[in-house]
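1. this one's sequence-less:
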């Protein structure tokens, strides 16, 4: 956990083990004075386990996490308050299941969530939420990454520090 004067949001998966063990790092961070404000946001994306009346496993999510994390990271980078970040995270997270569920529907829709409802729930502006989603990032494989142009990538990779993790992976 990165120490922060504003706070930290622990975004955890909706998986039994993760939910059981998420309280410990939160209490430890408080006890060590790493953060004053801390909150847990449990992911609601629910596509990794099919809905079944006979299944004893709770549904948990995978792919929709990235959208909530992306928006929360961009809001934090723009110095939104801890409370505003959490409100936005809750609103986007609450509607993220619809994105994944729509992939199994008769029609194909790739709407990340309903930004109008998420904006209303978090007292935000729809355009502001969309700008957070479209903020440039250096996260690998994100569509609008800030990587250099294709022809520059080889040169960038060849200039990596030989001890870097990426350089070691490339050698293998």
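-> It's in. Because the structure is predicted, anything quoted here is derived from the model rather than measured. Numbers count the residues shown, from 1 in each chain.
2. Is it correct that residue 10 falls within a helix?
-> No. When DSSP: H, G, I helix; E, B strand; the rest coil is applied, residue 10 is found to be strand, with no helix at that position.
3. helix, strand or coil for the residue nearest to residue 76 when sequence neighbours are not counted?
-> Using C-beta to C-beta, 6 or more residues apart in numbering and skipping residues adjacent in sequence, the residue nearest residue 76 is residue 85, 5.7 Å away. Just so you know, the C-beta spots here come from the backbone N, C-alpha and C atoms, and that holds for glycine as well. Going by three-state DSSP, the secondary structure assigned to residue 85 is helix.
4. Please give the number of neighbouring residues around residue 85.
-> 27 (other C-beta atoms under 10 Å).
5. what's the burial count for residue 120?
-> Other residues near residue 120 number 12, with proximity taken as other C-beta under 10 Å.
6. which SSE is it in?
-> With secondary structure defined by DSSP states H and E, residue 120 is part of helix 115-121.
7. which stretches of this protein form helices?
-> Ranges of helices in the chain, per DSSP state H, are 16-21, 23-31, 65-77, 82-95, 97-101, 115-121, 126-134, 150-158, 165-171.
8. List just the one of those that sits closest to residue 42.
-> Nearest of the helices of the chain to residue 42, taken as C-beta to C-beta: helix 16-21 at 6.5 Å.
9. for the closest one, which positions count as buried?
-> Burial within helix 16-21, assessed by neighbour count using 16 or more other C-beta atoms under 10 Å, is assigned to no residue.
10. and what of stretch 78-85?
-> By neighbour count, and taking 16+ other C-beta under 10 Å as the criterion, the buried residues in stretch 78-85 are 80, 82, 84, 85.
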